[in-house]
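**Q** Have a look at this fold, sequence not included:
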């Protein structure tokens, strides 16, 4: 992480000063730059592409479980934790549908207030009719 930060900001700050601040050696930083990508990072990069493809194919609705099943069908066994980590790194969050919740229960035996107005909202004189709306 420190080396990546130094690499990203080396045009703004000097490498030597950042190495002193982070208490790492300059030689270690330059060796890190010339090191090849690790096998794990390479596999994660390829896997991220497959995860992103499955996510887009599902119209951004698949989470880690469904993506794991999708990749399993393709012959790749990967843990949900790894899929979740890669999805977080890519900024992929699935859309969830809201559960339908009935807010009105008209089949009850409770007393209902009488409708005195019967939708006659035209009045002849002021202060004779008051209405309200609960929406």
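**A** The structure has been received and is ready for your questions. The model shown is predicted, which means the values in this text are computed figures rather than measured ones.
**Q** give me the low-pLDDT residue ranges for the protein?
**A** 135 (pLDDT under 70).
**Q** mind giving me the domain ranges of it?
**A** 1-35, 39-96 (automatic domain parsing).
**Q** and those domains, which is most packed in?
**A** domain 39-96 (a mean of 14; mean count of other CB atoms under 10 Å). For the C-beta atoms, the positions are set from N, CA and C on the backbone; glycine is no exception.
**Q** Quick check, residue 84 in contact with residue 65.
**A** No - at 10.0 Å, residue 84 does not count as touching residue 65 under the criterion of CB atoms under 8 Å.
**Q** picking up where we left off before, can you list the domains of the chain in a markdown table and add distance to residue 107?
**A** Output for the domains of the chain, formatted as a markdown table (distance: least, CB to CB, whole Å):
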| stretch | distance to residue 107 |
| --- | --- |
| domain 1-35 | 60 |
| domain 39-96 | 30 |
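**Q** Please name the residues that touch the residue nearest the centre of the chain.
**A** The centroid of the chain falls nearest to residue 93 when counting by CA atoms, centre = their mean (2.7 Å). Applying CB atoms under 8 Å, 6 or more residues apart in numbering, we find residue 93 in contact with residue 87.
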